[in-house]
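Trainee: below is the sequence, then the predicted model.
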Amino acid sequence: MLLFAALTWQVSSDGPLVDRDRTVLRWFDRAAAAEPWFTTTAHYFCKLGNIEAAVPVLLAAVCLTGWLGRRAALPHWWLPPAAAVLVIAVLPVVVTVVKDAVARPAPGRTVPDPSGYGYFPSGHTATSAVAYGAAALLLLPWVRGRAARLVLLAGTPLLLFTVGCCLVWCDYHWPLDVLASWCVALSLLTVVAAAQAVVDRAVAARAADGPAAAGTVTGWSGTPG
């Protein structure tokens with residue numbers, strides 16, 4: 001959140017980082033012009049940040065893990081799904097308030113949009129990062145195979161990085177818009193991670209009480225330290 005605050009200050013005050021932002025954006029523009037074949041694919045990755053695409057994935061993970069937790073009689077089974085719903089509900093409020101306050105112009109421009117729409121931070125980046133990131137955190141304790149866990153742990157950040165870069169590639173956002181949204185997303189995802197940690201500690205405490213109590217928790221592998 002401190003980094004997000006610093007980026008917001010830099011963008012709103014036209015600080016030194018804004019010049020670097022323009023430089024990076026020009027590099028993306030040159031790359032997009034040199035490799036036009038990738039632009040169509042990049043647009044599809046950008047669409048993964050749409051609410052219609054990202055939120056249903058999270059809601060499916062919320063319903064599935066909530067059902068699994070309740071069936072396994074996990075202590076506080078409802079806490080991680082509730083935390084995920086909370087952060088995805090808070091996210092648009094945070095993004096909208098900052099967008100309106102900063103009113104950053106579109107990529108490559110110096111004059112704000114006449115409609116008042118701001119581009120900082122990136123709503124698509126934040127939505128995809130929070131939705132898919134929270135879904136991964138919810139599902140991870142239930143994934144038993146090592147390969148599947150590795151795919152989830154490595155594939156999710158790679159997907160979110162790709163979505164953010166494609167938004168800049170397609171000239172939808174400045175690089176700092178995307179970076180700021182990743183900061184917001186990481187801050188919100190700590191809420192989901194903390195909720196998972198509460199469940200992990202409760203499961204560990206139950207296991208310490210004896211095998212009979214621990215036996216009621218099935219399918220739960222716990223989150224990695």
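Mentor: Received the coordinates, thanks.
Trainee: and Ala5, what element?
Mentor: helix 2-12 (DSSP states H and E).
Trainee: which is the next helix or strand following that helix?
Mentor: Next element after helix 2-12 (DSSP H and E): helix 16-34.
Trainee: ok, now how distant is the residue nearest the centre of the chain from Pro75?
Mentor: Residue closest to the mean C-alpha point of the chain, counted by C-alpha atoms, centre = their mean, is Ala129 at 1.7 Å. Shown here: Ala129 relative to Pro75, a distance of 29 Å by C-beta to C-beta, to the nearest Å. For every residue, glycine as well, the C-beta is placed using N, CA and C.
Trainee: now Ala83: closest residue in space, sequence neighbours ignored.
Mentor: Distance criterion C-beta to C-beta, 6 or more residues apart in numbering; nearest residue to Ala83, sequence neighbours excluded, is Ala195 at 3.8 Å.
Trainee: go ahead and confirm that neighbour touches Leu74.
Mentor: No - applying C-beta atoms under 8 Å, one finds Ala195 not in contact with Leu74, separated by 11.8 Å.
Trainee: could I get the full set of helices for this structure?
Mentor: Remark: helices assigned in the chain by DSSP state H are 2-12, 16-34, 37-47, 51-71, 79-102, 123-139, 146-169, 175-209, 211-214.
Trainee: return the most buried member of the ones you listed.
Mentor: helix 123-139 (a mean of 26; mean count of other C-beta atoms under 10 Å).
Trainee: quick one: that helix to chain centroid distance?
Mentor: Centroid separation for helix 123-139 versus its chain: 4 Å, with C-alpha atoms, centre = their mean, to the nearest Å.
Trainee: avg pLDDT for it?
Mentor: Throughout helix 123-139, pLDDT has a mean value of 97.
Trainee: show me what it is packed against.
Mentor: The helices and strands touching helix 123-139, judged by 3 or more C-beta pairs under 8 Å, 6 or more residues apart in numbering; DSSP states H and E, are helix 51-71, helix 79-102, helix 146-169, helix 175-209.
Trainee: one more time with 10 Å
Mentor: Under the contact definition 3 or more C-beta pairs under 10 Å, 6 or more residues apart in numbering; DSSP states H and E, helix 123-139 sits against helix 37-47, helix 51-71, helix 79-102, helix 146-169, helix 175-209.
Trainee: nearest to Phe28, of the ones you listed?
Mentor: Phe28 sits nearest to helix 146-169 of all the helices and strands packed on helix 123-139, at 5.0 Å, using C-beta to C-beta.
Trainee: elements contacting the closest one?
Mentor: Right, helix 146-169 is packed against helix 16-34, helix 37-47, helix 123-139, helix 175-209 by 3+ C-beta pairs under 10 Å, 6+ apart.
Trainee: any chance of the ones you listed in a markdown table, plus distance to Thr96?
Mentor: Below are the helices and strands packed on helix 146-169 laid out as a markdown table (distance: least, C-beta to C-beta, whole Å):
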| stretch | distance to Thr96 |
| --- | --- |
| helix 16-34 | 22 |
| helix 37-47 | 20 |
| helix 123-139 | 8 |
| helix 175-209 | 12 |
